[in-house]
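Trainee: Below is the structure, and that's it, no one-letter string:
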């Protein structure tokens, strides 16, 4: 070990004299992106290629979620409307016992 550099793996060759590979970093990035895209295509299931059963199940889940949100909104607003006027009728300084 000289000048703060490790001697492991140099095999008697200084670092600057090692032949660099012909593959650049940009080419490696392009290959990695291409591999990723191929893997995504294999794993992706498009809506058009799904079976009828899967399409119906997806539609049922979406419709159920929308129905639950609508019911929550309806009952939330109904509760808010029913409690709103009662609070406004009571005088500010009065104490009400329930």
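Mentor: Right, received. Where do you want to start? On a predicted model such as this, the values are computed, not experimentally measured, just so you know.
Trainee: Low-confidence bits of this structure, can you list those?
Mentor: Within the chain, the ranges that satisfy pLDDT under 70 run 1-21, 44-45, 47, 82-98.
Trainee: go with 80
Mentor: 1-23, 40-50, 79-98 (pLDDT under 80).
Trainee: Let me see the ranges of the helices in it.
Mentor: 25-43, 52-89 (DSSP state H).
Trainee: Show me which positions of the first one end up buried.
Mentor: By that I understand helix 25-43. For helix 25-43, the neighbour count (16 or more other C-beta atoms under 10 Å) marks no residue as buried. From N, CA and C alone the C-beta is placed, and that goes for glycine too.
Trainee: packing partners for it?
Mentor: Contact analysis of helix 25-43 by 3 or more C-beta pairs under 8 Å, 6 or more residues apart in numbering; DSSP states H and E lists no helix or strand as a packing neighbour.
Trainee: count of neighbours near residue 50?
Mentor: 13 (other C-beta atoms under 10 Å).
Trainee: The one 4 residues further on now?
Mentor: Number of residues near residue 54 (other C-beta under 10 Å) recorded here: 12.
Trainee: Name all residues that make contact with it.
Mentor: Taking C-beta atoms under 8 Å, 6 or more residues apart in numbering as the definition of contact, residue 54 has no neighbours.
Trainee: how much space between it and residue 61?
Mentor: For residue 54, the distance to residue 61 equals 11 Å [C-beta to C-beta, to the nearest Å].
Trainee: Over to residue 37?
Mentor: 29 Å.
Trainee: Please apply the same query to residue 50.
Mentor: Distance from residue 50 to residue 61, by C-beta to C-beta: 13 Å.
Trainee: cool, and residue 27?
Mentor: Counting by C-beta to C-beta - residue 27 and residue 61 are separated by 44 Å.
Trainee: Good, we can wrap up now.
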